[in-house]
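> Structure, please.
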Amino acid sequence: MDAFRSRRLFLQVGACTAAGLALPPLGDDEPSTGDQTERDAPLSPTRLKLAELLVRVHAKDAELRTSSTNHLPMALCALAAIGGTDAQLARFFESEFPTLEPFPKDELPADDHPWYARLGERAAFPRFVAHFRAELASKPRADVLREALVHLEPALAAFAFHGLIRTAYAVRVGDAEELAHGLGFWASRAAPFAAIDTKDGVEPDPTKLAAVLRQDVVLGADTSGGSVMIRMAAATKRPGFAAAVSALRVEDATLDRLSSLAARAYLANGNLTTLHGVTGTQAYRVLEPYVADRNRARRTLWQALASVYLGTGAPELAPLDAPAPPSWDTVLGAARERLDDHDVKLADAAREEERVLGGALHRRAAAKRLGLG
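Residues are numbered from 1 along each chain as shown. All right, here's what the predicted structure looks like:
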């Protein structure tokens, strides 16, 4: 859906709401591939407010002056997903919008190179956004994603997973302009770790490989501080790390096992870096239907999660069994009142993962973040 159709839909939704009519399903005028994932998320009562706020966010940069991520679009999508009201969305928006930087100008010289020739160039962000906006105006969303992820999947963890996460939220809410910004941000920071060994390993259980990282005194653990990105990058360079990554045997259940590992690691230390492992894994699950080589992509995700785990001290994983956490009504109710991006995003990601995996492991993680257990 191009920008003009997006604005047309925005007005159409407003007209229907004012008249008390049924809301039109988002994406019905897009070509369909027959894939269920091609359909956009159902409209919710907060969708109109979310669309209004995202339009304003799109006039801003994907990063702050401090070179940290602009979390606002992701947090707004997450807040809407967990049932935030119009007032709660507006309050969250006003708490962060004044801190954002203007959308940058494209000051790079013109060239005829393919878009992916500039992967990892921060200055190319506005050009990437323009490229993906044009692509989404002329092709089905699924095709654009499949083509883009061929180049972006090796950098799943780029900028602490935030390009991946923003892109996944854009897919979930069905906002084409937000998707252009998410893909553009991801491309501008796409810096893969070391190349992944394409040969399948022998160990299907990533928790056993995490135990190797924990117990191997040669590896040690760098907990000297630094940003999420610095910790993750440093971990990948430690002796033996590549061997632990390549030892994973990818199976149908691998993604679920990685999700469980990420939640248990977060429960073990409550670290902001390990939190990104949880939200990043959920974002990958959203985008996996568009990934061509899922075996390699899951191995790339394991590499990222292993770097998170080692980079935060390789803690002993939290047990699977524990006292039941509060109900989702309690957890989500608390998250909706917070003005913290990570509180809201973790609550949403945890609920989405529990819908797939069952149990209460991820709810325990969200409750821990919110001080509820």
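> Please enumerate the helices of the stretch 51-200 of the chain.
72-81, 86-96, 125-138, 141-152, 162-173, 176-188 (DSSP state H, counting those that start in this stretch).
> what's the closest of these to residue 358?
helix 72-81 (19.3 Å; C-beta to C-beta). Yep, even glycine has a C-beta here, placed from its N, CA and C like the rest.
> ok, how many other residues are close to the closest residue to residue 302 other than its chain neighbours?
For residue 302, ignoring the flanking residues on the chain, the nearest one in space by C-beta to C-beta, 6 or more residues apart in numbering is residue 248 at 5.1 Å. For residue 248, the neighbour count with other C-beta atoms under 10 Å is 26.
> Let me know whether residue 248 touches residue 299 as I believe.
Yes - counting by C-beta atoms under 8 Å, residue 248 touches residue 299, with 6.2 Å between them.
> okay, which residue is most central for this structure?
By C-alpha atoms, centre = their mean, the chain has its centre lying nearest to residue 165, at 1.5 Å.
> Spit out the contact partners of that one.
Counting by C-beta atoms under 8 Å, 6 or more residues apart in numbering, residue 165 touches 74, 279-280, 283, 345.
> beta partners of the residue nearest to residue 302?
Beta-bridge partners for residue 248, by DSSP bridges, are residue 203.
> if I look at it, how far off is residue 197?
Going from residue 248 to residue 197 by C-beta to C-beta, to the nearest Å gives 10 Å.
> between those two, what contacts are shared?
Common neighbours of residue 248 and residue 197 (C-beta under 8 Å, 6+ apart) are residue 299.
> buried sites along whichever strand or helix holds residue 244?
Element membership for residue 244 (DSSP states H and E) is helix 241-246. Going by neighbour count (16 or more other C-beta atoms under 10 Å), the buried part of helix 241-246 is 241-242, 244-246.
> How far off centre is it?
24 Å (C-alpha atoms, centre = their mean, to the nearest Å).
> So which residues make contact with that helix?
194, 196-197, 199, 201, 209, 212-213, 219, 235-236, 299, 302-303, 306-307, 310.
> Give me the buried entries from the residues you listed.
Buried among these (16+ other C-beta under 10 Å): 196-197, 201, 209, 212-213, 219, 235-236, 299, 302-303, 306-307, 310.
> Flag the least confident of these.
Checking pLDDT across the buried ones among the contacts of helix 241-246, the minimum falls on residue 219 at 45.
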